[in-house]
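K.L.:
okay, sequence plus prediction incoming.
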Amino acid sequence: MAEWESSYGGCFLSKARLLTKEEIDKRYPIGNNSRMAKLTHEALNNGFDILYGENPNHNLFCHYKNWLHDVLVTAAHLYKTTPDYVKVG
């Protein structure tokens, strides 16, 4: 799959995509005891995927409701569904 087919950017996120198992294992190898690694592996064990996106303008995070909606729309686009079917964890 070409990168443009698996990448999407909304108002708050750019280069958004679902991380592959290989990318997650590289970022958080087994034995990494950081909080983020533990949370990531716990989410994966509970059946979640990990959405990656970049935000070049960090000041936009103060508008949490709009940011969350944009992340939901971005995830829905990647899953080829509607935001109603995306579970956030």
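P.N.:
Okay, I see it. Numbering: from 1, shown residues only.

K.L.:
show me where pLDDT drops low in the chain?
P.N.:
1-11, 57-65 (pLDDT under 70).

K.L.:
how about Phe48, nearest residue that isn't a chain neighbour?
P.N.:
Leaving aside its chain neighbours, Phe48 sits nearest to Gly89 (5.2 Å; criterion: CB to CB, 6 or more residues apart in numbering). C-beta coordinates here come from the backbone N, C-alpha and C atoms, glycine included.

K.L.:
do the same with Glu23
P.N.:
Tyr52 (7.8 Å).

K.L.:
ok, that neighbour to Ile30 distance?
P.N.:
20 Å (CB to CB, to the nearest Å).

K.L.:
those two: which is more packed in?
P.N.:
Tyr52 (16 against 7; other CB atoms under 10 Å).

K.L.:
residue boundaries of the strands in the chain?
P.N.:
Taking DSSP state E as the test, the strands found in the chain are 14-18, 51-54.

K.L.:
could you measure from the residue of the chain positioned farthest from its centre over to Glu42?
P.N.:
In the chain, Gly31 marks the outermost C-alpha relative to the chain mean, sitting 22.4 Å out by CA atoms, centre = their mean. Note on Gly31: its distance to Glu42, by CB to CB, is 15 Å.

K.L.:
ok so, going back, got phi/psi on the residue farthest from the centre of the chain?
P.N.:
Phi and psi for Gly31, reported as degrees, to the nearest 10, are phi 100, psi -20.

K.L.:
tell me the centre residue of this protein?
P.N.:
The centroid of the chain falls nearest to Leu51 when counting by CA atoms, centre = their mean (1.4 Å).

K.L.:
what is it paired to in the beta sheet?
P.N.:
Leu18 (DSSP bridges).

K.L.:
touching, it and His77? I think so.
P.N.:
No - using CB atoms under 8 Å, Leu51 makes no contact with His77, being 10.7 Å away.

K.L.:
now the helices for the chain?
P.N.:
Along the chain, counting by DSSP state H, helices occupy 3-6, 21-27, 35-45, 64-79.

K.L.:
what's the closest non-adjacent residue to Pro83?
P.N.:
The shortest distance from Pro83 to any non-neighbouring residue, by CB to CB, 6+ apart, is to Leu72 (4.1 Å).
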